[in-house]
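In: Okay, structure incoming, though there's no sequence with it:
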């Protein structure tokens, strides 16, 4: 039976491609005709010509195939980051043009909220009117997060019950937080969560029409923003961070180590070479300073460093930061 041509990108290995690759591993090879409708297999190198029979294709060993595919993903992310930088640089001289033709935000589009009660009331009201999605960035603030999570649980569940979608970004340190775990267990896995080493300050975007951002360090002041340009910018920023984050719910993915160095230690290494102190590193990654120093000590031991200055040099020589790109 002839297989239909797939319209997916050749950079992406589809389900049909993986099925044929698995059969090639079991049987040792497949015919070239069978793989023709699935160019992703050849483009990714999962199947290669059989030197003994040019009409057959042999599979690349999975142990070699996986690192190659992961490297392709990392290169794609790096290209997107470079494209983002080029776009920002291209628009920089244009931002001042046409400002006289653009109406400034009206008072109704940006509101100042004072006090935790007023902030929560405004968020609750916006959530009650929402029907599409909630985007949230929740950085670790060093305090017990359980009360705040419990307060938002009811309004989040109501949005899910209306068919809405919830996506939340946390720091990696929150992956094992009892409060966060309890929250997603109560939401029955219907909400999505991912984690990054570092995230921005708190952000809530509702239905891509209204956003809430803190206006003070203690989060007792906030801005309620309904200005479309600003809300679109916040939503785009969230989407870019989401694409680079590691899945937590509904399915957690354990990131691989590189020469015995964990993703957490690579993140610390990047901040070390930038010259940050232990206290700054701990704050940026949502760690307490003692935990940060334990990771730094393990990193130094792995690389064979005997001093802080030598550690920075060895990090640069090891190539571990290139793996993050």
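Out: Sure thing, it's come through. Everything numeric here is computed off the predicted structure, so don't read it as measured data. Numbering: from 1, shown residues only.
In: Now the most centrally placed residue in the chain: closest residue in space that isn't a chain neighbour?
Out: Note on the chain: the residue nearest the mean C-alpha position is residue 245, at 1.6 Å, using Cα atoms, centre = their mean. Leaving out its chain neighbours, the residue that sits closest to residue 245 by Cβ to Cβ, 6 or more residues apart in numbering is residue 194, at 3.5 Å. To be clear about C-beta, it is placed using only N, CA and C from the backbone, and glycine gets the same treatment.
In: May I ask you to confirm that that neighbour is in contact with residue 247?
Out: Yes. Residue 194 is within contact range of residue 247, at 5.5 Å (criterion: Cβ atoms under 8 Å).
In: More neighbours: which of these two?
Out: Neighbours per residue (other Cβ atoms under 10 Å) separate residue 194 from residue 247, with residue 194 holding more: 21 against 12.
In: That one should be in a strand, yeah?
Out: Yes. Residue 194: assigned to a strand according to DSSP: H, G, I helix; E, B strand; the rest coil.
In: Would you mind measuring from it to residue 78?
Out: Distance, residue 194 to residue 78, using Cβ to Cβ, to the nearest Å: 19 Å.
In: residues of stretch 179-189 that come out buried?
Out: 180, 183-184, 187 (16 or more other Cβ atoms under 10 Å).
In: returning to what we had before: got the contact list for the residue nearest to the centre of the chain?
Out: The neighbourhood of residue 245, defined by Cβ atoms under 8 Å, 6 or more residues apart in numbering, consists of 169, 194-196.
In: Mind pulling the model confidence for it?
Out: Looking at residue 245, its pLDDT is 81.
In: Residue 154 now?
Out: pLDDT, residue 154: 82.
In: Over to it. Which of the three states is it?
Out: Residue 154 ends up helix, using three-state DSSP.
In: how close does it get to residue 187?
Out: 11 Å.
In: Please name the nearest non-neighbouring residue to residue 212.
Out: Residue 212's closest residue in space is residue 204 (Cβ to Cβ, 6+ apart), at 4.3 Å.
In: Could you report the distance from that neighbour to residue 219?
Out: Remark: distance between residue 204 and residue 219 (Cβ to Cβ) = 12 Å.
In: so which helix or strand takes in the spatially closest residue to residue 268 that is not a sequence neighbour?
Out: Closest residue to residue 268 apart from its sequence neighbours, by Cβ to Cβ, 6+ apart: residue 295 at 5.3 Å. Assigning secondary structure by DSSP states H and E places residue 295 in helix 289-303.
In: what does that helix contact?
Out: By Cβ under 8 Å, 6+ apart, helix 289-303 touches 259-261, 264-265, 268-269, 272, 278-279, 281-282, 285, 287, 305-306, 311, 314-315, 318.
In: Can you turn the buried part of these into a PyMOL selection?
Out: A single PyMOL command selects the buried members of the contacts of helix 289-303 (16+ other Cβ under 10 Å):
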select buried, resi 261+264+265+268+269+272+278+281+282+285+287+305+311+314+315+318
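In: Restricted to helices, list the contacts of helix 289-303.
Out: 264-265, 268-269, 272, 278-279, 281-282, 285, 311, 314-315, 318 (DSSP state H).
In: and after the helix or strand hosting residue 57, which helix or strand comes next?
Out: If you go by DSSP H and E, residue 57 is part of strand 53-59. The first helix or strand that comes after strand 53-59 along the chain, using DSSP H and E, is helix 62-91.
In: So which elements touch that following helix?
Out: For helix 62-91, the packing partners by 3 or more Cβ pairs under 8 Å, 6 or more residues apart in numbering; DSSP states H and E come out as helix 228-244.
In: hmm, who's touching the helix it packs on?
Out: 77, 80, 84, 105, 110, 135, 137, 167, 169, 194, 196, 199-200, 203, 205, 208-211, 213, 225.
In: Need the nearest residue in space to residue 112, chain neighbours excluded.
Out: Distances taken as Cβ to Cβ, 6+ apart place residue 223 nearest to residue 112, at 6.4 Å, with adjacent residues excluded.
In: and the host helix or strand of the one you found with helix 228-244, angle?
Out: Using DSSP H and E, residue 223 falls within strand 221-225. Angle, strand 221-225 to helix 228-244, by axes from the mean of the first three to the mean of the last three Cα atoms, to 10 degrees: 100 degrees.
In: For strand 221-225, list every residue counted as buried.
Out: Buried, per 16+ other Cβ under 10 Å, within strand 221-225: 221-222, 224-225.
In: swap in stretch 115-135?
Out: Here stretch 115-135 shows 118-120, 122-123, 126-127, 130, 134-135 as buried, counting by 16+ other Cβ under 10 Å.
In: quick one: which of those residues is nearest residue 21?
Out: residue 135 (35.5 Å; Cβ to Cβ).
In: I'd assumed that closest one was in a helix, is it?
Out: No. Per three-state DSSP, residue 135 lies outside any helix segment and is strand.
In: and the protein, what are its domains?
Out: 1-93, 105-249, 263-324 (automatic domain parsing).
In: chain center to the longest one: distance?
Out: Per Cα atoms, centre = their mean, to the nearest Å, the displacement of domain 105-249 from the mean C-alpha position of its chain is 15 Å.
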